[in-house]
Each structure stands twice: as C-alpha cells, then as structure tokens.
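>>> Prediction below, plus the sequence it came from.
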Amino acid sequence: MADHVFQKCINAQCAATFSVDETRTACPSCGNLLDVCYDWEKLPIPQNLSYFEKYWSERNIPQRFSGVWRFQEMLPFTDLEKCVTIGEGQTLLQNAPCVAKYVGMKPDKLFLQYEGMNPSGSFKDNGMVAAITHAKLMGATAAACASTGNTSASLALYCGYTRLMKAIIFIGSGKIAYGKLSQALDYGAKTIQIFGDFDDAMNRVREVSQKLGLYLVNSVNPFRLEGQKTIMYRILEALNWEVPDWIVVPGGNLGNSSAFGKAFFELKMLGLIKRIPRLAVINAHGANTLFQLYEKEGVRWNEGRPDRAKIQAFFEQMNRENRRASTLASAIEINRPVNLEKCLRALSWCDGVVREVDDQEIVDAKSQIGANGLGCEPASAASVAGAKKLREEGIISPAERVVCILTGHQLKDPVTTVAYHSADATKFQETLGCRGVYRADFANSPLPVENDLEKIIAAIQE
Ligand code: F0G
C-alpha cells in the first residue's frame, strides 16, 4: 500500500511503527493499541469541509453513495476503487424536540444520530466496511470477532453479502439480544456460543485468531476505527458543517468514543474545523470501568503515559472479586474495554466527561426516544439518559447544541421494549429478571379487549 500510510503504537514510550500491509491488533513490542496514521503533507487535503458536497451528485458510484467512503480523503489507507461497500452509512441526524424536553434542553438543541439505519442495524457497519476492506487487501479468507451482538451481526452480514471471506463469531452464552443472534444465524456465520461473558469471549477470540490466522475485526483493529470516524463527518454534514457543542455516546468497548476523538483531532489539526466539541461517554452502572477509572480514580491520558499501574490494580481487584458486568443494556455489558487507552486520549482531546446511568434511567430514556420516532436499543438510550444527567448537573446548558448517538436499531432487542410497555414493573422484572428496573412510568401498554364491537369502540374512545 502507499507509503503515506502507516500503523503506529499509541504508547508514547514505544511509538513503534508498522506498515499497513501488516495485520496487527496490538503492538508486538509493548502490546498496546495501534493507530492508522497518515502523512497528511503527501496527501491531497480538502480546503474545507464543503469540499465533500461535490460527491452528493456522484451517488451512482457505489463508494460515493457510501456514507463512509464519500469521506475517503479522511481515511485514505487505500484507493477508492479498492474499498468494499454495501451502501452503509445512509443514516440520519434528527432534531428531537420531545426528547429535548425530557432531557431539559431547548426544543431545537437536541439531535439524535440514528446509526440503527445501517444495513445490519447498528453503527458497526461504518467500521466493519473499513476492516473488511483491509482484510480483503491482506488476502484474508476468514474473519472473526467476539461480540455482544452487533459486531457479529455486522461481520456476518458483510461476509454473507460479499462472499469475500468466512465469518466466525464468538458470543457469551445467554448474553445476546435475540434480534442480533437471529442476524448472525440467518447470514450464515459460524457462531460459537461459549460459556462465559463478552470479556471471556474477547480473550478467546484473540487467542484463536492468532492460532488459526483469522483476521480479527473487533475494535482493537485500527482500521475499524477509521471507518467509525465517518459518523462524526456525517453529523457535521447534517449541521451544515457547523460543530456541535457536545457529542454524547454510550461506552462499551470504547471503540466509538476513540474513533470520534481521532476524527475531531485530525480535522482540527488539518484546519478543517476551528474547535472540537466536548465528548461525553456514558457507561451503564453495571459495566462502569471507564467511569470508575476516569471520574473516581482520576486516570488521564497524560500524553500517552496514563497511570498503567493504577489501571492494572483496578483490573486485578476486579478479578479477585470476580466482578462481572451486568446490565440490561447487553450491548455495553463489558468490564474490560479493549480501547480504554484510546478513549482516555479522546477524552483529553475533547475535554471529555464520563457518566454512568442505571438500567431504570436507560429504559425510561429509551421509551422517550421511541415515542419521538425511529427508536433505538437499550444501550443506545444510555446517551440520552447521560445527556439528561449532565443537564441536571448543569454541565450541559439548555442552549448548547447536543448530539446523542443512537448506536443500534429499535428492533435489535424487542423483548426489553415489549416487557417495558406491557408492564407494571413486576411483570417487567419477571420477564427480564430483576435487573434494576422498578418502574415503567412511560409504558404504552396494549389494551386487552373482548372481541365485541361496542367494547372495542369504547376502548378506542377511552
Ligand atoms: N451501542 C451498541 C448498540 C453496541 O452494540 C455497542 C458495542 C456499543 C454501543 C458500545 O460501543 O464498544 O464502541 O464503546 N457493541 C459491541 C459488539 C461490543 O460486540 O457489538 P463501543
């Protein structure tokens, strides 16, 4: 591949570099994460962001139709014609006045970025298309991932559709929403359901990929994150290239937040934006490693030298207590986020904050998002619940422009939605196990009515 692109270890004490023609998900010298880096001086840089508007009229070219590759100049790790695409990234930024009211914002200040509109129903397709492109260039015949469900659905879809390679996915037993499991099976992926949770599956897939030479597409893959940067470009595009004040995103494995930080850092460095928005990463209370380390322990990026001893001690304590992640937002039920250090870097670039929200706050926020239209899965609603919390704390002010990322489609997890709306809270707890949801204040319950015309009419007019 071209000599203006390389991979680089993010650890400031190491900073080893590698060719992009190598498949690596960790630095061989120090074990830390890698970035895809560009020698921007040797590349044609757009003069301003409106440059990208010229591609709107080229939608007959598949790569320009793609919401990822129409920004290829910002992730130029290969030539445009070599980029795989199935039409990902046709997503929407919507103003959400009803949700704004719930959050405590002015009606025109809260926006929802619906990444559930991607082909596999989540934001993962943005990154998967970049990883699959790299895998294809590397000649991979099989790709693998561990997943809470959406990465696996995305990988399965890309492999099923393009027939470029086989998909092998690892999921924790009983830890995946049905919509997502159904996708992996339907798209024909080899699905290994191991006894354990996501963190266990992640460890295993790394081991197995190395042994069998499988191309690993979890977000430790730096090419994945290049694709996920484009979510931010599309938000800027939808705001007429104006920078919002806040980006609020749920945090699981912390790939998204890491990618968003890199996107804004690069745009600012290249002079394409004047300021960087603030980033809020929202953990579920039952999977709050980032919140604990960043907000409670004060761990910071520290120019590539975070307090690794403190991080290590935190995980050792977690092991000793056998603490497992537990939240109804199964997509972010992760205690050992693989992108922790990159996320710390993003928080430093974006003057970020981290908050945790509990399952009650998540399902209530989800019901408000659904009632406003389109909807989302539980993990995605953590963003709105987190924005509400930051509003209440006065950290976000009502007149600031806030974008919450809705990471996954409403139909990914219908069980939670139906349980909430069918409920009284006891029923909800019966269906899903008592996982910290005690009320269903915004339930829109179905009305049981006898099959009798008068009674049906009465029920409608009630
Ligand atoms: N929202 C949804 C719907 C997700 O599926 C995920 C992650 C996240 C948020 C968290 O994003 O990891 O970038 O911080 N799902 C992964 C998976 C882990 O396997 O599908 P992150």
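Right, received. Where do you want to start? Numbers count the residues shown, from 1 in each chain.

>>> all strands for the stretch 1-150 of the chain, in order.
5-9, 17-19, 34-38, 92-95, 110-114, 142-147 (DSSP state E, counting those that start in this stretch).

>>> Would you mind saying which of those lies nearest the ligand?
In terms of Cβ to the nearest ligand atom, the element of these nearest to the ligand is strand 142-147, at 3.3 Å. Where C-beta positions appear, they are placed from N, C-alpha and C, glycine not excepted.

>>> what does the helix or strand following that closest one rub up against?
For strand 142-147, the following helix or strand on the C-terminal side (DSSP states H and E) is helix 150-162. With contact meaning Cβ atoms under 8 Å, 6 or more residues apart in numbering, helix 150-162 is reached by 84, 86, 118-125, 128-129, 132, 143-145, 147, 164-167, 169-171, 176, 180, 183-184, 187-189, 191, 217-219, 331, 407-408, 412.

>>> residue ranges with poor pLDDT in the chain?
The model of the chain has pLDDT under 70 over residues 1-2, 423-435.

>>> so what's the backbone phi/psi at residue 293?
Its backbone dihedrals place residue 293 at phi -70, psi -40, with angles given as degrees, to the nearest 10.

>>> For it, which non-adjacent residue is spatially closest?
residue 299 (4.4 Å; Cβ to Cβ, 6 or more residues apart in numbering).

>>> So what does that neighbour have for phi and psi?
According to degrees, to the nearest 10, residue 299 has phi -70, psi 130.

>>> so it makes contact with residue 313?
No. Residue 299 is beyond contact range of residue 313, at 10.7 Å (criterion: Cβ atoms under 8 Å).

>>> what about those two, which has more around it?
Higher neighbour count among residue 299 and residue 313: residue 299, with 21 against 12, using other Cβ atoms under 10 Å.

>>> so residue 183 makes contact with residue 120?
Yes. Applying Cβ under 8 Å, one finds residue 183 in contact with residue 120, separated by 6.4 Å.

>>> So for those two, which sits in the more crowded spot?
residue 120 (28 against 22).

>>> and that one, how far is that from the ligand?
Remark: distance between residue 120 and the ligand (Cβ to the nearest ligand atom, to the nearest Å) = 10 Å.

>>> Contacts only, for that residue.
Neighbouring residues of residue 120 by Cβ under 8 Å, 6+ apart: 128, 150, 153-154, 156-157, 183.

>>> Equivalent analysis for residue 412, please.
Here residue 412 is in contact with 116, 121-122, 149-150, 177, 179-180, 331, 377 (Cβ under 8 Å, 6+ apart).

>>> need the residues of the stretch 201-350 of the chain near the ligand, please.
219, 250-256, 331-332 (Cβ under 6 Å from any ligand atom).

>>> mind running it again at 8 Å?
Counting by Cβ under 8 Å from any ligand atom, the stretch 201-350 of the chain comes close to the ligand at 218-219, 228, 249-259, 281, 329, 331-332, 334, 337, 339, 343.

>>> Just those residues: which are in helices?
228, 255-259, 343 (DSSP state H).

>>> For these, please prepare TSV with the additional fields neighbour count and distance to residue 15.
Conversion of those to TSV gives the following (neighbours: other Cβ atoms under 10 Å; distance: Cβ to Cβ, whole Å):
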residue	neighbour count	distance to residue 15
228	27	23
255	25	22
256	30	25
257	32	22
258	32	18
259	29	20
343	29	19
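
>>> Export the strands of the stretch 1-150 of the chain to JSON lines and append columns for mean neighbour count and distance to residue 58.
Shown next, in JSON lines, are those (neighbours: other Cβ atoms under 10 Å; distance: least, Cβ to Cβ, whole Å):
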{"stretch": "strand 5-9", "mean neighbour count": "20", "distance to residue 58": "24"}
{"stretch": "strand 17-19", "mean neighbour count": "13", "distance to residue 58": "31"}
{"stretch": "strand 34-38", "mean neighbour count": "21", "distance to residue 58": "23"}
{"stretch": "strand 92-95", "mean neighbour count": "16", "distance to residue 58": "21"}
{"stretch": "strand 110-114", "mean neighbour count": "26", "distance to residue 58": "24"}
{"stretch": "strand 142-147", "mean neighbour count": "27", "distance to residue 58": "29"}
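
>>> Need those strands in CSV (columns: distance to the ligand).
Listed next are the strands of the stretch 1-150 of the chain as CSV, based on distance: least, Cβ to the nearest ligand atom, whole Å:
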stretch, distance to the ligand
strand 5-9, 20
strand 17-19, 23
strand 34-38, 16
strand 92-95, 16
strand 110-114, 12
strand 142-147, 3
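
>>> so which of these comes closest to residue 367?
strand 110-114 (14.1 Å; Cβ to Cβ).

>>> partners of the closest one in the sheet?
strand 92-95 (antiparallel), strand 402-406 (parallel) (DSSP bridges).

>>> count of residues packed around residue 411?
15.

>>> What of residue 308?
13.

>>> ok, now residue 61?
14.

>>> How about the contacts made by the nearest residue to residue 110 once chain neighbours are set aside?
Leaving aside its sequence neighbours, residue 110 sits nearest to residue 100 (Cβ to Cβ, 6+ apart; 3.7 Å). Contact partners of residue 100, counting by Cβ under 8 Å, 6+ apart, are 106-110.

>>> between these, which has the most around it?
residue 110 leads the contacts of residue 100 on contacts (other Cβ under 10 Å) with 31 neighbours.

>>> Let's test this: what are the backbone torsions at the closest residue in space to residue 73 that isn't next to it in sequence?
The shortest distance from residue 73 to any non-neighbouring residue, by Cβ to Cβ, 6+ apart, is to residue 46 (5.8 Å). Dihedral angles phi and psi of residue 46 (degrees, to the nearest 10) take the values phi -60, psi 150.

>>> Distance-wise, check residue 46 relative to the ligand.
Taken as Cβ to the nearest ligand atom, the span from residue 46 to the ligand is 27 Å.

>>> Let me know whether that residue touches residue 55 as I believe.
No. Counting by Cβ under 8 Å, residue 55 is not a contact partner of residue 46; they are 10.9 Å apart.

>>> neighbours of the nearest residue to residue 72 once chain neighbours are set aside, just the number please.
Spatial nearest neighbour of residue 72, excluding adjacent residues (Cβ to Cβ, 6+ apart): residue 80 at 5.3 Å. Residue 80 is flanked by 15 other residues according to other Cβ under 10 Å.

>>> was I right about residue 80 contacting residue 69?
Yes. Taking Cβ under 8 Å as the definition, residue 80 is a contact partner of residue 69 at 6.5 Å.

>>> Could you tell me which residues touch both of these two?
Joint contacts of residue 80 and residue 69 (Cβ under 8 Å, 6+ apart) are residue 63.

>>> ok, the contacts of residue 100 vs residue 62, which is closest?
residue 110 (33.5 Å).

>>> and the residue lying farthest from the centre of the chain, how far is that from the ligand?
Computed with Cα atoms, centre = their mean, the residue of the chain farthest from its C-alpha average is residue 454, at 48.9 Å. Going from residue 454 to the ligand by Cβ to the nearest ligand atom gives 45 Å.
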